[in-house]
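S.K.: Turn this into a structure:
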Amino acid sequence: MAARLPLPQVLEGLGAQLTVSLQELRRLEAVCLQALLGENPLELQDFDRIAQVLDQLATCCEGLSRESGVQAVQVQRCVVDRLTMGEIRQRLLAEESHTSVGSGDVELF
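M.R.: Okay, here's the model as predicted:
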């Protein structure tokens, strides 16, 4: 039988990763705004739309993780193991993060 994970744990991990992604997006937005100083910043409006979606998804995941109906739900660990982003996989599995990149992990920078 395949290992299973509690759905609330997976949802909490997703919510946490979305929150971190939102913070990173805001930092990137600030850099872009600084680079476009004196130019038309309307081209950066997509940052706000993406930020709103990330915030709503994070809030939704965190809220769902506390719902009584999902407390007993288990998901197969292989679903989380298929993720290629090591940082996201660690958050979902509530593992401590590490800085090395293992096989199957993707490091963008």
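S.K.: Residue 55 and residue 4: what is the separation?
M.R.: 29 Å (CB to CB, to the nearest Å). From N, CA and C alone the C-beta is placed, and that goes for glycine too.
S.K.: What are the boundaries of the strands in the protein?
M.R.: 4-6, 74-76 (DSSP state E).
S.K.: and the last one, what does it pack onto?
M.R.: Read that as strand 74-76. Helices and strands touching strand 74-76, by 3 or more CB pairs under 8 Å, 6 or more residues apart in numbering; DSSP states H and E, are strand 4-6, helix 7-35.
S.K.: One more: the first one?
M.R.: For strand 4-6, the helices and strands in contact under the criterion 3+ CB pairs under 8 Å, 6+ apart are strand 74-76, helix 77-81.
S.K.: Can you flag the weakest of these by average pLDDT?
M.R.: Between the helices and strands packed on strand 4-6, the one with the least mean pLDDT is helix 77-81; it has a mean of 77.
S.K.: Now the phi/psi pair for the residue lying farthest from the centre of the chain, please.
M.R.: Distance from the C-alpha centroid of the chain peaks at residue 38, with 32.7 Å (CA atoms, centre = their mean). The phi and psi values for residue 38, taken as degrees, to the nearest 10, are phi 90, psi -10.
S.K.: For it, give its distance to residue 30.
M.R.: Residue 38 sits 16 Å away from residue 30, going by CB to CB.
S.K.: next one: residue 43
M.R.: Counting by CB to CB, the gap from residue 43 to residue 30 is 15 Å.
S.K.: Surely residue 12 is in contact with residue 64?
M.R.: No - with contact defined as CB atoms under 8 Å, residue 12 does not reach residue 64; the gap is 9.4 Å.
S.K.: Scan the helices and strands of the protein for the one with the lowest mean pLDDT.
M.R.: Sorted by mean pLDDT, DSSP states H and E, the helices and strands of the chain end with helix 86-92, the least confident at a mean of 67.
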